[in-house]
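1. mind looking at a prediction? Sequence and model below.
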Amino acid sequence: MTKLKYYKYFYPQLYGKLNSTNIVLPTYNSSIYVNMPSKTIYRYFMYFAFFTANAQPQDIEAIHKQEQVLIGGILQTIDIKGSDINNPILLFLHGGPGTSLIPVSESFTQNLQKHFLVVQWDQRQTGSTLIANVSPEPLTTALLQSDAHEMVSYLLKNFNKPKLYLASHSWGSILGFDIASKNPEQLYAYICISGLIDQDKNARLTIDMLNNWAKENANAEAQEELSHVKVPYKTPDDLFYAQKWLFIHNGVEFAKEDNFKPTYYRWLDVWFPTWLASVQNNRFNQQQEFHCPIYFFEGNGDQQQSHYIVEDYYNWIKAPKKDFFWFTNSGHTIFNTEPDKIQSTLIERILPETN
């Protein structure tokens, strides 16, 4: 007779509670009751009933909140969602720089929230953080990296966790690799999504591809504007025209609209100096060995050769664990095109082997 069946037949009042909680039942051995007085048996079960009636499984507390915390001397916004506060933290570092993921994050984190405390963070001069306060200091790569280190430490302390999972998209890898390099003991794993590895080589491959495409399609406007782009990029115009025609090539309709240029130049006015300085360092010229697991998510659905720079880097680095995942229906913004695969890969592949 199983433990639950025993209580069902011999102590029916408790069965419902026992069957719905995570209580560990004492092993039933009928031989211990053979010579036991009936009053003793009764007292034993009353004693057991008193404590099990008040026993509870481990507390499960969901969390869904947005708050501002003091990081780098200013208020910075974090959005936290998870079905169980006991789950590990997964912090996303958005790209851009200056491009918040909070407005679109629900579309690629619904399932993740069942297994992680998912944290989205609007970095300084971005989204809700910008609304709360303008950065009093000039924007530099070092300042943003310092903020990222401070944010990781804050989350670990606030939630009493030994480590967390760190994911970055695009330019966010500038911050992500810095943390993985300097504080690997804080990470269960680092997940690099569409990372920046060698921007100059990436630019050369992209411009060559766009020039060939423009020529094959007899697109005179594209040929004219691309002819002024210098590689490596040095001016806002270089980056703008490269990005404009890459977007059009990839079917982004917004890039054809009249307000695309003024919108993009507002971003350039704020972020171009920081972006340019941050991409000068080719990652192949930096450390090769890491001391935390590292995973790469890369889309190659747009057939651009620049994606294979990331694969070359994956093959070059050394880490305790590493893996590479192609997203064949995606380009740069994987979370827009294959959100389910991002989540299933994190939950089914990465989480079990790192936690």
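-> Everything's here; your move.

2. how about the strands in the protein?
-> With strands called from DSSP state E, the chain shows them at 63-71, 74-82, 89-93, 117-122, 164-169, 187-193, 294-299, 322-327.

3. indicate which one of these is closest to Tyr264.
-> Among the strands of the chain, the nearest to Tyr264 by Cβ to Cβ is strand 164-169 (18.6 Å). Backbone N, C-alpha and C define where each C-beta goes, glycine included.

4. show me what the closest one is packed against.
-> On a contact count with 3 or more Cβ pairs under 8 Å, 6 or more residues apart in numbering; DSSP states H and E, strand 164-169 meets strand 89-93, helix 141-158, helix 173-182, strand 187-193.

5. need these in CSV (columns: mean neighbour count, mean pLDDT and distance to Leu164).
-> Formatted as CSV, the helices and strands packed on strand 164-169 follow (neighbours: other Cβ atoms under 10 Å; pLDDT from 0 to 100; distance: least, Cβ to Cβ, whole Å):
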stretch, mean neighbour count, mean pLDDT, distance to Leu164
strand 89-93, 25, 98, 4
helix 141-158, 17, 98, 6
helix 173-182, 22, 98, 10
strand 187-193, 25, 98, 7
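
6. Gln304 touches Leu210, doesn't it?
-> No - at 9.8 Å, Gln304 does not count as touching Leu210 under the criterion of Cβ atoms under 8 Å.

7. was I right about Asp180 contacting Leu187?
-> Residue 180: Ala, not Asp. Yes - counting by Cβ under 8 Å, Ala180 does reach Leu187; the two are 6.3 Å apart.

8. quick one: the helices and strands packed on strand 164-169 as CSV, columns for distance to Asn281 too.
-> Shown next, in CSV, are the helices and strands packed on strand 164-169 (distance: least, Cβ to Cβ, whole Å):
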stretch, distance to Asn281
strand 89-93, 17
helix 141-158, 9
helix 173-182, 9
strand 187-193, 15
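
9. circling back: joint contacts of Ala180 and Leu187?
-> 166, 292 (Cβ atoms under 8 Å, 6 or more residues apart in numbering).

10. before we move on, the earlier item: need the strands of the chain in JSON lines with distance to Ser146, can you?
-> Shown next, in JSON lines, are the strands of the chain (distance: least, Cβ to Cβ, whole Å):
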{"stretch": "strand 63-71", "distance to Ser146": "9"}
{"stretch": "strand 74-82", "distance to Ser146": "12"}
{"stretch": "strand 89-93", "distance to Ser146": "14"}
{"stretch": "strand 117-122", "distance to Ser146": "14"}
{"stretch": "strand 164-169", "distance to Ser146": "16"}
{"stretch": "strand 187-193", "distance to Ser146": "17"}
{"stretch": "strand 294-299", "distance to Ser146": "22"}
{"stretch": "strand 322-327", "distance to Ser146": "27"}
